[in-house]
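Student: The sequence and its predicted three-dimensional model are supplied below.
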Amino acid sequence: MHNLRIGVCYDFRNPPNSGVTHHALYSEILEQVKWLDQIGADLVWFTEHHFVDDGYLPSWIPVAGAMSAITSHVRFGTDICLAPFNHPLRLAEDLAVLDNLSGGRVEIGLGMGYAPHEFKGFGFPVSHRVSLMNEAIEVLQHCFTGEKFSYHGKRYQFEDVIITPGYVQDGGPPLWVAAMSEAGALRAAHYNAHFLPQGLKANSFDPWVNELEGSGRRTGDYRVGIIRSILVTDDRNTDWPLVRAAEKYRMQLYQRFFKESGEGFGDSGEPVPQTWIVGNEDECVDQLVDFITQFGMTDIVTMAVPPGMRAEQMTDSLQMLFTRVVPRVKALIAR
């Protein structure tokens, strides 16, 4: 059974009318992460998208490198790093550098993307994404062995390459695969990766469980993670409207991507919940325990600075989350 880890997630989105410079937002978040590392956060995850007018984070490794220098506990990861837009050899090298900078505190969650404008921007068709994703996973797994290897795929071909410097972590950074479809769930199981389910439970979570159990593996041997945000407040009527407005803005982009791509989570069925948990300390503890128990979640991250908000506006909630709620949840789950 894996230990429970709870942390934060950043997309660095900065709406054009926020009145805040990107430089100021980055500075605030770095200071916030330094503080969160001290009060008990376990994770700092990042999301990735490209060519978005509000500055959505396109490159997470430089940010993680800066954060690694001012932290000692949090582990860095992604939900998700878009595999088609990151050459796997270069990604493996960057991860090796980050693994050394952080003292072995990096993980990597991969997804294959779906927004048409990103594929157009990088100059290749959406139809290449499956092969780019699969080959990226395979190449990274070769790289993480620390051995010299050759690879001959449809998209990538290499002869006698080895990643230097070596990784601090034996076997390289833990590898995660995201899925919001049965095909994605089967991919995660096929590559023996940790799992980032999204969308409908019947389309992602259930096929993954069934595939593992059908092949004699145990779900408890894998980590399962998700972005599910948490607002701890004793005054919901005052604190929630501002966060709710920021969340509405945040989700509008994904709704646009779904519309442009013709994809999405589906309209009917039980979702793997990603809606905000909002309540006082006791209510958040109860909801988190129920969620973790139902889905076997091992890793949960909350959006620490929703788009258009300042880091200081989330301080009270994050303070209560990591000093009061999380210790209670971990104690209850460990029973």
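Tutor: It's in.
Student: in the stretch 101-250 of the chain, which spans are helices?
Tutor: Under the criterion DSSP state H, counting those that start in this stretch, the stretch 101-250 of the chain contains helices at 116-122, 129-143, 182-190, 205-214, 236-261.
Student: Any idea which of the ones you listed gets closest to Gln38?
Tutor: When the helices of the stretch 101-250 of the chain are ranked by proximity to Gln38, the top entry is helix 236-261, at 23.4 Å, counting by C-beta to C-beta. All C-beta atoms are positioned from the backbone trio N, CA, C, and that covers glycine.
Student: re earlier: mind checking which of the helices of the stretch 101-250 of the chain is nearest Leu321?
Tutor: Nearest of these (C-beta to C-beta): helix 236-261, 12.9 Å.
Student: between the helices of the stretch 101-250 of the chain, which one is nearest to Val285?
Tutor: helix 236-261 (15.6 Å).
Student: just checking, what packs against that closest one?
Tutor: helix 116-122, strand 230-232, strand 277-279 (3 or more C-beta pairs under 8 Å, 6 or more residues apart in numbering; DSSP states H and E).
Student: Identify whichever of the helices of the stretch 101-250 of the chain lies nearest to Gly103.
Tutor: Per C-beta to C-beta, nearest to Gly103 of the helices of the stretch 101-250 of the chain: helix 129-143, 19.5 Å.
Student: closest to Ala69 out of the helices of the stretch 101-250 of the chain?
Tutor: helix 129-143 (24.2 Å).
Student: What residues of that closest one count as buried?
Tutor: Neighbour counts over helix 129-143 (16 or more other C-beta atoms under 10 Å) mark 129, 132-137, 139-143 as buried.
Student: sorry, back to before: now, of the helices and strands packed on helix 236-261, which is deepest in the fold?
Tutor: When the helices and strands packed on helix 236-261 are scored by mean count of other C-beta atoms under 10 Å, the highest mean neighbour count falls to strand 230-232 (a mean of 24).
Student: Which stretches in the chain count as strands?
Tutor: 5-10, 43-46, 75-78, 81-82, 108-111, 149-152, 157-161, 175-179, 194-197, 225-227, 230-232, 277-279, 299-303 (DSSP state E).
Student: now Glu135: how far from Gln157?
Tutor: According to C-beta to C-beta, to the nearest Å, Glu135 and Gln157 sit 10 Å apart.
Student: Mind listing the shared neighbours of those two?
Tutor: Tyr151 (C-beta atoms under 8 Å, 6 or more residues apart in numbering).
Student: For Leu43, give the beta-bridge partners.
Tutor: Arg75 (DSSP bridges).
Student: What is the neighbour count of it?
Tutor: 23 (other C-beta atoms under 10 Å).
Student: cool, Lys154 as well?
Tutor: 10.
Student: quick one on the thing from earlier: the helices and strands packed on helix 236-261: which one's closest to Leu200?
Tutor: Among these, strand 277-279 comes nearest to Leu200, with 19.6 Å by C-beta to C-beta.
Student: Give me the pLDDT for Pro261.
Tutor: One correction, residue 261 is Ser, not Pro. Per-residue confidence at Ser261 stands at 88 (pLDDT).
Student: Show the backbone phi and psi for the closest residue to it other than its chain neighbours.
Tutor: The shortest distance from Ser261 to any non-neighbouring residue, by C-beta to C-beta, 6 or more residues apart in numbering, is to Tyr114 (4.5 Å). Main-chain torsions, Tyr114, degrees, to the nearest 10: phi -160, psi -10.
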